[in-house]
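Colleague: Show me the folded form of this:
(chains A and B)
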Amino acid sequence: MNPSLRICTWNVNSIKVRITHLLKWLEIQAKANTPIDVICLQELKLTSDKFPLKEIEQAGYYSLVLGQKTYNGVAILVRKSMLSSLTQDPETAFLQTLENIPGFEDEQQRVLTTTLHFNKTKPLRIVCGYFPNGQALDSDKFVYKLAWLNALHQFIQKELAQHERLILLGDFNIAPKDEDVYDPMKWIGQNLVSPEERSAFFNLLSLGLHDSFLLFEQAPKSFSWWDYRMMGFRRNAGMRIDHILVSQALLSSCSHCEIDKTPRAWEQPSDHAPVILTLTNQDNKADAINIKS
DNA sequence: ATGGCCGCGCGTCGCGGA
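Modeller: I've put the predicted structure just below:
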């Protein structure tokens, strides 16, 4: 038996509307023998008390939720059966939990951090983030985005000093490079692609994080978000703005990373697709051969 | 083809999203 973990991020754009998609997708993954062990959700768009905790628990997952009315909101779900014997109930499943960025005053609920203890692999520090959109380069929201990114950078630096096995994942609202944009020329001067945002992204990497999607061969024009308008998905007019960054200590455990476009084609979809990282035990060298040299 | 789509709270339109 080869212990592996599948860790996922998905901006669901309202959990109330997307709960059936989430459960259906988790079931499909389980039946394909590729069950999702950890799933980070963004844009819940409801208060924590309205989160569908019971339905998700019936599907086999405990939830850690940080909600707010109308906007934002994030959650971390963990598959019960993967938890270590000492953490197998909802009270102990999530340890050393932090809400938002400590020391950064913010009304908006965008970050959840926790430590998960698994059955067969070492604990993981998980940071789930819904990065600000920024709206436009000359807006107050963009000023907020840059301040938020700066605060996150400081936070992640401290977290990395304490937690060797760390994953920062979520909707970054940053397309790191032009190849992550369907039509880069059209986006010049706009948010999500600005030099300031891209610098912030690469500054995060400079702390010792790696964009796990780029560790593997990927199809050109791989995107994780497509505009609802202008038949964005059918034209593959999208962007890669949802990311899974892993710390150095996890690098050799990464065995696969993919964007699953399937649920984006369903009726009434989220505009984002889930991104999934597979971590395989470091002792199993055979699984490292897929990594690009 | 630059506008079209969504979800939300509220109230049948405006805001935010990316």
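
Colleague: Which residues of chain A lie near DNA strand B?
Modeller: A:11, A:13-14, A:16-17, A:43, A:45-46, A:69-71, A:132-133, A:135-136, A:141, A:171, A:173, A:183, A:186, A:191-192, A:225, A:227-230, A:239, A:241, A:268, A:271 (C-beta under 7 Å from any atom of the strand). C-beta coordinates here come from the backbone N, C-alpha and C atoms, glycine included.

Colleague: Among those, which lie within strands?
Modeller: Per DSSP state E, strands hold the following members of the residues of chain A next to DNA strand B: A:11, A:171, A:225, A:239.

Colleague: So what's the residue count around the second one?
Modeller: The reference is to A:Asp171. 28 (other C-beta atoms under 10 Å).

Colleague: Tell me the buried residues in the lowest-mean-pLDDT helix or strand in chain A?
Modeller: Counting by mean pLDDT, DSSP states H and E, chain A has its least confident helix or strand at helix A:184-187, which shows a mean of 92. Of the residues in helix A:184-187, A:Trp187 count as buried by neighbour count, 16 or more other C-beta atoms under 10 Å.

Colleague: What helices and strands are in contact with that helix?
Modeller: Of the remaining helices and strands, none touches helix A:184-187 by 3 or more C-beta pairs under 8 Å, 6 or more residues apart in numbering; DSSP states H and E.

Colleague: what's near enough to touch the nearest residue to A:Thr278 once chain neighbours are set aside?
Modeller: Using C-beta to C-beta, 6 or more residues apart in numbering and skipping residues adjacent in sequence, the residue nearest A:Thr278 is A:His256, 4.0 Å away. The contact partners of A:His256, taken as C-beta atoms under 8 Å, 6 or more residues apart in numbering, are A:216, A:276-278, A:290.

Colleague: and the two most separated of those residues?
Modeller: A:Ile276 and A:Asn290 (14.6 Å; C-beta to C-beta).
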